[in-house]
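Trainee: What follows is a predicted structure for the sequence shown.
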Number of protein chains: 2
Amino acid sequence: MINRRNPKQWQAVPFSEVCISDPYWSPRITANREQSLPNQYHQCKTTGRIDAFKLDWTPGSDGPRPNPYWDSDVAKWIEAAAYSLAQHADPLLEELVDETITLIASAQQPDGYLNVYYTVVEPENRFKLLSHNHELYCGGHLIEAAVAYYEATGKRVLLDTMTKYADYIATVFGRGEGQLRGYCGHEEIELALMKLFGVTGEPKYSALAQFFVDERGQQPSYFAVHEREALGDLVEKLYQEDFSYCQAHAPVREQSKIVGHAVRAMYLYCSMADLAKTMGDEGLLKACERIWEHLCSTSLYITGGMGSSRLNEGFTADYDLPNETAYAETCAAIAFAMWNHRMLQIDCDGKYADMLERSLYNGVISGVSLDGKRFFYENPLASRGDHHRSEWFDVSCCPTNLARLLASLGQYIYTLQEQEALAVHLYIASDTEVSLGGSRVKIAQTHQYPHSGLIRLTIAPDTPVPFALKLRIPGWCNAFKLRINGQEVEPEEVRENLARGYLTLQRLWRAGDEIELALDMTPQRIYAHPLVHANQGRVALQLGPVVYCVEQVDNGASLDQIVLPRNAAFVVHQAPDLPGGTLKIEASALRFNEWNANLYAVEAPGTSSITLTAIPYALWDNRQGGEMQVWIRELP
Amino acid sequence: MINRRNPKQWQAVPFSEVCISDPYWSPRITANREQSLPNQYHQCKTTGRIDAFKLDWTPGSDGPRPNPYWDSDVAKWIEAAAYSLAQHADPLLEELVDETITLIASAQQPDGYLNVYYTVVEPENRFKLLSHNHELYCGGHLIEAAVAYYEATGKRVLLDTMTKYADYIATVFGRGEGQLRGYCGHEEIELALMKLFGVTGEPKYSALAQFFVDERGQQPSYFAVHEREALGDLVEKLYQEDFSYCQAHAPVREQSKIVGHAVRAMYLYCSMADLAKTMGDEGLLKACERIWEHLCSTSLYITGGMGSSRLNEGFTADYDLPNETAYAETCAAIAFAMWNHRMLQIDCDGKYADMLERSLYNGVISGVSLDGKRFFYENPLASRGDHHRSEWFDVSCCPTNLARLLASLGQYIYTLQEQEALAVHLYIASDTEVSLGGSRVKIAQTHQYPHSGLIRLTIAPDTPVPFALKLRIPGWCNAFKLRINGQEVEPEEVRENLARGYLTLQRLWRAGDEIELALDMTPQRIYAHPLVHANQGRVALQLGPVVYCVEQVDNGASLDQIVLPRNAAFVVHQAPDLPGGTLKIEASALRFNEWNANLYAVEAPGTSSITLTAIPYALWDNRQGGEMQVWIRELP
């Protein structure tokens, strides 16, 4: 059924070639550059994460003891800085990165090994606790940073350092005599090695990634055989006997269900998609497709967040999607966006773009305050008022993950399908230029999406050229109109060319061609599967791709005492007290009167009319702290 | 405000003087006598609980190791058997009890000590682990058994044994030189000593009860000082640092909130009420009243069950009343009935009788199957179909507790207030004879309550005599009519004489006087306080004192897909497929159609009309196992 059309030749248009000038995203990107990046450097510096690469910590020394995951925070900051520098020169920032890289390179051991924690704190355990620490995970993030900084600046210091480390890893791990057939408990190195392969063209890196992916979950389990004792009762408490916590319960290409720690799972599937695309590995692709379906049909929050339980930072049972206790780690939503983006480069199906968009506009961007200064680690869908963003965390994966995503957002918008087609996945106002049919073609998007459904694209090839422009028609959109150069495209033509979420416009494009796509953005009521017990009798509101919520600051306390009649009409208008053209939804609703009885009463309390105000979920906790709900009680 | 009118002279009419012939209760009492009592003896015998009193277990021996709570199971079986024998001669049963008592008496140590576990398993720890085992608790139950058997048969063996043990306890515990100022982690001995005081008239037993009650919670905590080490991490896991788990966080007369383990709490309050009544201890009474109000306004299930958490078998936070995970131990509901019964002997307020009735007809009697063979330990208010009654439990307090309650049910019906008044708390068809105004007065109740609200009482003094008959008008009842000898009592007269839940009929009563009280028993919708999150948007049905539920066998699976419109009319009729005149409630309701979408959808599923059938909660799981719900989704 899937027409993959040689996706080996498909490629995302890189962020460095897309200039975003979007009313929704540009302020976020600016805040990321101006606030998040300097603040995160400051945090990495003051917490000792950067100086840890001096390797001068000893058991007796004063400074903070390095943590097993510290290297990755610094790495993701470098990666984010690299993406930013590629688009926005900043000599001071570049100097800070260079300094940091010098320090990192100095920490490399003569054999190529590079990890602070296992050099100074537990040197005797190098590669002996793969299951429960982040040794190769840290290496993976440093590789990603190295590739990013090399691509942004052409500077090779970190790339050479990490290539040397990767070469060393390739000697330690493998199926040869005396090599370890292990893999990291926290996936990451796999997708990083694919990036290293991409930039170096060196097949040993993709082979090593393939090795790690294929060894994962082979039985008897590497962890059970080699690390059972070191794990102790962590196995019972967290990992489960089968190591499903880290997706190592079965060979990955045999897996069908989403299980375990959410971020680990997403990073694994990213690498599986990379291998599927690069190596044409159909088995891995099919596993990705099965798991993706299971995730999206049973375990995904409407915000694109996932992983309902704090205990394992991950998945529990199908349809177990509590709102107030939702863990929904920011990193998991980010990694889900990354996975969907990869799937789109293999299979241009709108379902992946829908999920990419859902996570970006909701469960990802909720993770950072509008000013770029504070972050959510957990993104619950309801709060009694005690959940707020923080500047930093002890385990601080989310802030730097957001920083690298925002600094590279442009790459998610387009896919170039050989020289023949350009797919538009996201409607983000921006300019780019690509090669199509041998011509250079400028593409510009100008619009207020998602605050308006009216999208304008202009196409400007340097000479008239035939190619297919594939416009995504979002899954949430029930009606749309299309005009090309002012001329409405007939419904029949639309029907014929609309498939799997994309409207394919195959024609000879000329400079000045203008496309106007009007997506119906009437607010929608969303209902959840009845097995999602938390949402029984509740409704969520969505406007375009944006999931809404109600906040105490607009609606008073005790949000659970508000019910929205099913027939209530919605009024949408701009919210002058909210930033940048944000739309709020208002509706006539009812609030239960105060309960004047004891614990039980024979009469339900009466109701009073109120105006309910909903704002985008991603914007909550940006004004006064207070209660919040995505799923509102409904009066059917 | 409270007119207690010298309650020292009030007394419950004992069960031995009340002959129950009630369509609702008599089959339960018969099943208790014919099934539960023999089965429980069999369980006590085969599990080793009875033979344990031979004290022949040693660390090397084959038989099962006695458990710290075993003595209490045997004791409660004896107590139940005694109550049964007092009303229903059974030479074989009496012989079994006598044999068992001989064995128990033989286990008494020369100094009077009597406890199997701390004689054979941990003799070195006698009275050293008061906080976390059941040493004095077991003694208390054996004392209750001794008093009951003495009163039933006049036989003194167990009474003498337990008196000797109590005398020994009184030497060990006290405020004198070398005595322990401790108390048992599981309350029970206190109320038992009050019973021993009642039967012997010996004030040292009430003094010892008062000592235990008053020492409880004195600071610094006895447990913290003497047993902190032995408790280990149980303190953190269960007891909490302040020992609120066993109500020992503050002196009991300073307490105001319901906390900790539910059964422990209830037994404590029983003894506090006993001391309040017997000693006129106002401080303890006021504490009881405060705690009772807190319990009933924040922490009581509509079934009269309590203790929402399995973890501490007790209370958590105000309004935390989950349905499916409700622990609501049968013993806690029984002990709540016992406490309310005691409060009624001090303060004839209908609120206590309402709670007594609520627990008896719901959360207590749900604990046993109709045939008397199987028992619930936990009484959740919703089930997905995996909760069923069992014949016995490792910790098997509930079955014998039900047995002793059912065998002594008659005592809950009447209170004789000196020679001047008789209060009728419960409408249970029965005959009794009491002394009022110097006359012997026969009272008979004949009716089908709770299957009909039409209650008949006949009064037959041997000579005409003036006294006040106080008829309880249940709190759930919104309308009633009263006829005396066929003559309707005028509403004004009713108004003048109705106070605090009782209608006082003060008159000269003559043989043949007949009272007809017609209580309106229209089915009622009950709503819970909005802070009870589990019940938001839900309604419970109640018919008279009986809380209803819906079961899968009548309504199909997926009960959560049923919604009851607020305006749905109820039809009540007898259920031929259910025992003894039980009424079922039917109503037109809606069932959501099957969900044909993915995880989320823009349309809520439609509904189809169904007939909803509700049966008494206490009867659930008596037919096919399946789902059950007390709180039904409502369409307001």
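Mentor: Happy to help now that I have it.

Trainee: Around chain B, which positions in the stretch 151-300 of chain A sit nearby?
Mentor: Neighbours of chain B within the stretch 151-300 of chain A, by CB under 8 Å from any CB of the partner chain: A:296, A:297, A:298, A:300. C-beta coordinates here come from the backbone N, C-alpha and C atoms, glycine included.

Trainee: Just name the shakiest helix or strand of chain A by mean pLDDT.
Mentor: Lowest on mean pLDDT, DSSP states H and E among the helices and strands of chain A sits helix A:234, with a mean of 79.

Trainee: Enumerate the positions of the next helix-or-strand element following that one that are buried.
Mentor: The helix or strand immediately downstream of helix A:234 is helix A:262-279, counting by DSSP states H and E. Burial within helix A:262-279, assessed by neighbour count using 16 or more other CB atoms under 10 Å in any protein chain shown, is assigned to A:262-277, A:279.

Trainee: packing partners for helix A:262-279?
Mentor: Helix A:262-279 sits against helix A:189-200, helix A:203-215, helix A:282-298, helix A:330-344, with contacts defined as 3 or more CB pairs under 8 Å, 6 or more residues apart in numbering or on different chains; DSSP states H and E.

Trainee: Mean pLDDT and mean neighbour count added to the ones you listed, as CSV?
Mentor: Putting these into CSV (pLDDT from 0 to 100; neighbours: other CB atoms under 10 Å in any protein chain shown) gives the following:
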stretch, mean pLDDT, mean neighbour count
helix A:189-200, 98, 24
helix A:203-215, 98, 20
helix A:282-298, 97, 19
helix A:330-344, 98, 26
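
Trainee: possible to save these as CSV with distance to residue B:56?
Mentor: Listed next are the helices and strands packed on helix A:262-279 as CSV, based on distance: least, CB to CB, whole Å:
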stretch, distance to residue B:56
helix A:189-200, 64
helix A:203-215, 59
helix A:282-298, 57
helix A:330-344, 61
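
Trainee: Nearest to residue B:450, out of these?
Mentor: helix A:282-298 (44.6 Å; CB to CB).

Trainee: Please work out which residues outside the closest one touch it.
Mentor: The contact list for helix A:282-298 (CB atoms under 8 Å, 6 or more residues apart in numbering or on different chains) reads A:213, A:252-258, A:265, A:269, A:272-273, A:275-276, A:306, A:318-319, A:339, A:343, A:346, A:351-352, A:355, B:598-599.

Trainee: Could you rerun that using 7 Å?
Mentor: A:252-253, A:255-258, A:269, A:272-273, A:275-276, A:306, A:318-319, A:343, A:346, A:355, B:598-599 (CB atoms under 7 Å, 6 or more residues apart in numbering or on different chains).

Trainee: next one: stretch A:62-80
Mentor: By CB under 7 Å, 6+ apart, stretch A:62-80 touches A:37, A:40-41, A:44, A:47-50, A:52, A:57, A:97, A:100-101, A:115-117, A:120-121, A:133-134, A:137-138, A:141-142, A:144-145, A:148-149, A:395-397, A:400-401, A:403-404, A:407.

Trainee: Restrict the residues you listed to the buried ones and give me that as a ChimeraX selection.
Mentor: Buried residues among these (16+ other CB under 10 Å), as a ChimeraX selection:
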select /A:37,40,41,44,47,48,49,50,52,57,97,100,101,115,116,117,120,121,133,134,137,138,141,142,144,145,148,149,396,397,400,401,403,404,407
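
Trainee: measure residue A:269 to chain B for me?
Mentor: According to CB to the nearest CB, to the nearest Å, residue A:269 stands 18 Å off from chain B.

Trainee: and that residue, what is it in contact with?
Mentor: Listed by CB under 7 Å, 6+ apart, the contact set of residue A:269 reads A:288, A:291, A:339.

Trainee: Could you list the low-confidence segments of chain A?
Mentor: Scanning chain A for pLDDT under 70 picks out A:1-6, A:580.

Trainee: Chain B contacts on that one?
Mentor: A:296-298, A:300, A:302, A:524-530, A:536-537, A:560-561, A:592, A:595, A:598-604, A:633, A:635-636 (CB under 7 Å from any CB of the partner chain).

Trainee: Can you say which of those residues are buried?
Mentor: Neighbour-count burial (16+ other CB under 10 Å) is assigned, among the residues of chain A next to chain B, to A:296-298, A:300, A:302, A:524-530, A:536-537, A:560-561, A:592, A:595, A:599-600, A:604, A:633, A:635-636.

Trainee: Residue of the stretch 301-450 of chain A closest to chain B, please.
Mentor: In the stretch 301-450 of chain A, the residue that lies nearest chain B is residue A:302 (5.7 Å; CB to the nearest CB).
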